[in-house]
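Colleague: Okay, here's the prediction I keep looking at, along with the sequence it came from:
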Amino acid sequence: MELPFAESYKIKMVETIKRSTREEREKWLKEAYFNLFNLRSEYVYIDLLTDSGTGAMSDKQWSKMMVGDESYAGASSYLIMKDTIKTLFGFNDFLPTHQGRAAENVLFSLLVKEGDIVPGNSHFDTTKGHIEFRKAKAIDCTIDEAFHPTQYHPFKGNLDLNKLEEVFKSNSIEKIPFIVVTLTCNSSGGQPVSMQNLKDVHAISKKHGTKVIFDSARFAENAYFIKIRENGYQDKTIKEIVKEMYTYSDAMTMSSKKDAIVNMGGFIGFSDRQMYEEASVYNIMFEGFVTYGGMSGRDMNALSQGLMEGTEFDYLETRIKQVEYLGEKLKSYNVPMLEPFGGHAIFLDAKKFLPAIPKEEYIAQKLATEIYLEGGVRAVEIGTLLADRDPVTRENRYPELELVRLALPRRVYTNSHMDYIAAAVANVYERRNEITRGLKILREAPIMRHFTVELERL
Ligand SMILES: Cc1ncc(COP(=O)(O)O)c(C=O)c1O
């Protein structure tokens, strides 16, 4: 008999999670104003709100924490992180930050000015937030295939080179400080970008004389897809692929809470010394001195170890196969999803799932709340709430896709949990025809409203 695939790790420490009743969940959801971010984590049985900062660190990461150097300046933990970043990405200079959006804040303070244009592939919400906060504009140049939920394309995170060229044609180059490439592309479903596309985008940027910044939260998952799907990379290691990817960028922002498998942390990597020096001023103002920038020494140690583990093929194969396992289970129940499955999550197609609800009633948020009510599984809306209002007209922006993301924390849940999640979603799907009304906003913040919005049932 052929031996089946199995995880590349075993469990050394466990955390108890509790199931609840539907009546309890009804009460808690109302108290949370139908915003799953407002729920206490103890009210959640399986938490798929995010894969960010929710991973399980390894025994080696924990052991490195014990030998963290907490010196204010020049700590060995900083130097280890510097070496790791140089080894993996080829960057000589880096700035630690407390998380990904802090890296964006520091770098964009230097690079983005009022009236600027920043093209990219479906910018992540904090990236877009930091661009719009500076009264600049993010332009989405993702390939059209990304907006067709089930159309197969191996690299649905790719930028459309014609759309990108069009941005350069219709704007002066002084207004385009950089192109941002998000790896993998979270907002379009955790979809990867091919090496060829990275190469082409880089060539376009150099032709016009601007920079390329990689928003790198899931760079290792992206490298895994390049190895599996792109010709010429099958025999390369993940680390070799990552090294090549970053030859096509000028700088990176990193939320280390994803592919570096730590609970908190981030950094900016620079190919250019001058950019590093200029950004250092903002790092000192917003984050901390350049050798710790919002992180403790022990956390930098765990992060460096996590980067090395997160770029191991066996680990990545286990991770992506678990996402696939959940996707295939849901498919067997005919649940509408984005395909191919993303690297870190399954994205449910809420418009197809609940076709009776009008777009003004927050379809994806409604679906996420129904999944919570069904089984205590917490997912997240990637739809109209997240898309926020147009900063000028203040009208709701209705994205082409209304999605519910089931994000899998790294090394946390077993495939029995996947079976449970799939059953909960399938039960909601079975009673989809009874769900005809959505939600109404009672209160919202002027920017990034999805975190704190309060809603009621219609
Ligand atoms: C692609 C991408 N960029 C940036 C961020 C922001 O990172 P952080 O949450 O660490 O601030 C995230 C977080 O989810 C992300 O997915």
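Modeller: That came through, no problem.
Colleague: Give the full set of residues in contact with Gly297.
Modeller: Taking Cβ atoms under 8 Å, 6 or more residues apart in numbering, we find Gly297 in contact with 68-71, 75-78. Bear in mind the C-beta positions are built from the backbone N, C-alpha and C, glycine included.
Colleague: can you check Ile179 too?
Modeller: 118-120, 159, 164, 201, 204-205, 210-213.
Colleague: Next, the one residue sitting closest to the centre of the chain: phi, psi?
Modeller: For the chain, the residue nearest the mean C-alpha position is Asn186 (4.5 Å; Cα atoms, centre = their mean). Dihedral pair for Asn186: phi -60, psi -50, per degrees, to the nearest 10.
Colleague: The closest residue in space to it that isn't next to it in sequence and Leu386: what is the separation?
Modeller: Leaving out its chain neighbours, the residue that sits closest to Asn186 by Cβ to Cβ, 6 or more residues apart in numbering is Phe124, at 5.3 Å. Per Cβ to Cβ, to the nearest Å, Phe124 is found 10 Å from Leu386.
Colleague: ok, now Asp51?
Modeller: Distance of Asp51 to Leu386, given as Cβ to Cβ: 16 Å.
Colleague: which stretches of the stretch 151-300 of the chain form strands?
Modeller: In the stretch 151-300 of the chain, the strands defined using DSSP state E, counting those that start in this stretch lie at 178-182, 211-215, 251-255, 266-270.
Colleague: Dump those into a markdown table; add distance to the ligand and mean pLDDT as well.
Modeller: Below are these laid out as a markdown table (distance: least, Cβ to the nearest ligand atom, whole Å; pLDDT from 0 to 100):
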| stretch | distance to the ligand | mean pLDDT |
| --- | --- | --- |
| strand 178-182 | 5 | 98 |
| strand 211-215 | 5 | 98 |
| strand 251-255 | 3 | 98 |
| strand 266-270 | 5 | 98 |
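Colleague: Out of the ones you listed, which is closest to Glu7?
Modeller: Counting by Cβ to Cβ, Glu7 lies closest to strand 251-255 out of the strands of the stretch 151-300 of the chain; the figure is 24.5 Å.
Colleague: partners of the closest one, with directions?
Modeller: Using DSSP bridges, the strands paired with strand 251-255 in its sheet are strand 211-215 (parallel), strand 266-270 (antiparallel).
Colleague: Compare these and give me the one nearest Val112.
Modeller: Closest to Val112 of the strands paired with strand 251-255 is strand 211-215 (Cβ to Cβ; 10.5 Å).
Colleague: Now do that closest one against strand 178-182: the angle between them, please.
Modeller: 20 degrees (axes from the mean of the first three to the mean of the last three Cα atoms, to 10 degrees).
Colleague: For strand 211-215, buried residues please.
Modeller: By 16 or more other Cβ atoms under 10 Å, the buried positions in strand 211-215 come out as 211-215.
Colleague: cool, stretch 301-315 as well?
Modeller: Neighbour-count burial for stretch 301-315 flags 301-307, 309-311, 313, 315 (criterion: 16+ other Cβ under 10 Å).
Colleague: Excluding covalently adjacent residues, which one is nearest to the closest residue to the ligand within the chain?
Modeller: With Cβ to the nearest ligand atom, the shortest gap between the chain and the ligand falls at Gly100, namely 2.4 Å. Spatial nearest neighbour of Gly100, excluding adjacent residues (Cβ to Cβ, 6+ apart): Ser255 at 2.6 Å.
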